[in-house]
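Sequence first, then the predicted structure, then my questions.
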Amino acid sequence: MKIISADFVTSAAAGGTDLGIPRDGLPQVAMAGRSNVGKSTLINKLLRRQVARTSAAPGKTRLVNVFRITVEGGPRQGSGQGVRGRWSLYLVDLPGYGYARGGDSAAEELRAVAEAYFAGSAPQTFLLVDSRHPGLESDHQAYRWLTTLGVDPLIVATKMDKLSRAERTRNLRELERIFGKPALPVSAERGEGLEQLWTTIAKAGRAARIKAADEGTTT
Ligand code: GDP
C-alpha cells in the first residue's frame, strides 16, 4: 500500500454546531485520546509524514484537525483480495482531553466537539489510551461519551515499547476487561501495530464507501 498524499485540510475549534469539517461523502475515521497519549506521533508515523503537530506543550490544542489521505491499494483483509486502485478518506484528529484536569470534567473538551462532529454520523473512531495506564477515569469517561453518541470506538493501546513483557500481558488484559473488547497494541516508536491499524482503517473506509454508494452519496 502506497500513501499518495496526506494533506492538512482544516482546523475547527469547539463551539457552534458547524465545525467546518468536510461532508462530501468521503469516508472518515476519527482519532481521540487524552493529551500526550501519543496521537500526533502515531498519525505522523501512520502517514509517514509530519502532518500532525506533536505537542511541545500538551493540552494546548483544542482543535479538530482534518487530513485528507489518498492511498493506492490496501492491505489484504482476511483471505480476501487486497484493495485495488486509489482511494481517499479523511482522518479526523479530535482534540486531546484531560490535560491538567481531574476525572469528572476531563472529557468535556472532547465532548463539545464530539457532539458537533458526530451529530448525524458515527464514523469509525479510534480511542487511544496509554498502555502504561489502563483504567484512567478520563479514558473511560471519553469512551462512555462516544458510545452515547452512537460511536463504537476501537481501543488502541499506545507506547507499547515502554512496557516489559509481563506488563504488556497484564495491561492488555486489563484494558480488555475495562472496555469489554481487545485493544490494538501499537508503538509509534517501533512501528508495532501500524499495519493492523491501516487494515482497520482500510476496512472502515471500504465499509463507508459501500454504505455511501448504497445511499447514493457521491464519493
Ligand atoms: P499527543 O498529545 O497525543 O499528540 O502526544 P504526542 O504525539 O505529542 O506524544 C507525547 C509524547 O509521547 C512525546 O514525547 C512522544 O515522543 C511520546 N511518544 C509518542 N508515541 C510514543 C511511542 O510509541 N513510544 C514512546 N516511547 N514514546 C512515544
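Sure, I can see it.

The longest helix along the chain close to the ligand?
Counting by DSSP state H, the longest helix found in the chain is helix 194-215. No - contact of helix 194-215 with the ligand (CB under 6 Å from any ligand atom) is absent, the minimum separation being 10.2 Å. Glycine gets a C-beta too; all of them are placed from N, C-alpha and C.

ditto for stretch 164-179
No - if you take CB under 6 Å from any ligand atom as the test, stretch 164-179 misses the ligand, and the best it gets is 13.2 Å.

picking up where we left off before, in the longest helix of the chain, what's buried?
Going by neighbour count (16 or more other CB atoms under 10 Å), the buried part of helix 194-215 is 194, 197-206, 208-209.

Let's see stretch 122-137 as PDB, backbone CA atoms only.
What follows is stretch 122-137, C-alpha atoms only, in PDB (Å, rounded to 0.1, in the frame of the first residue of the first chain):
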ATOM      1  CA  ALA A 122     -20.800   7.800  13.500                       C
ATOM      2  CA  PRO A 123     -17.600   7.100  11.600                       C
ATOM      3  CA  GLN A 124     -15.000   4.500  12.700                       C
ATOM      4  CA  THR A 125     -13.300   6.000  15.800                       C
ATOM      5  CA  PHE A 126     -10.100   5.000  17.500                       C
ATOM      6  CA  LEU A 127      -9.800   5.800  21.100                       C
ATOM      7  CA  LEU A 128      -6.100   5.900  22.000                       C
ATOM      8  CA  VAL A 129      -5.200   5.000  25.600                       C
ATOM      9  CA  ASP A 130      -1.700   4.900  27.100                       C
ATOM     10  CA  SER A 131      -0.800   1.300  27.600                       C
ATOM     11  CA  ARG A 132       1.100   2.200  30.800                       C
ATOM     12  CA  HIS A 133      -2.100   3.500  32.400                       C
ATOM     13  CA  PRO A 134      -5.000   1.300  31.800                       C
ATOM     14  CA  GLY A 135      -8.200   2.200  33.600                       C
ATOM     15  CA  LEU A 136      -7.900   6.000  33.700                       C
ATOM     16  CA  GLU A 137     -11.200   7.500  34.500                       C
END
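
In the chain, mark out all the strands, start to finish.
Along the chain, counting by DSSP state E, strands occupy 2-13, 28-33, 63-72, 86-93, 124-130, 154-158, 184-185.

Look up the residues forming beta bridges with Ser11.
As for beta bridges, Ser11 partners with Asn65 under DSSP bridges.

quick one, what contacts it?
Each residue near Ser11 by CB atoms under 8 Å, 6 or more residues apart in numbering is listed here: Leu63, Val64, Asn65, Val66.

just those now: which is nearest the ligand?
Taking CB to the nearest ligand atom as the measure, the ligand lies nearest Asn65 of those, at 10.2 Å.

Around Pro182, count how many other residues there are.
As a burial measure, Pro182 scores 13 neighbours (other CB atoms under 10 Å).

Would you check how far apart the closest residue to it other than its chain neighbours and Val156 are?
Distances taken as CB to CB, 6 or more residues apart in numbering place Glu176 nearest to Pro182, at 5.1 Å, with adjacent residues excluded. Counting by CB to CB, to the nearest Å, the separation of Glu176 from Val156 is 13 Å.
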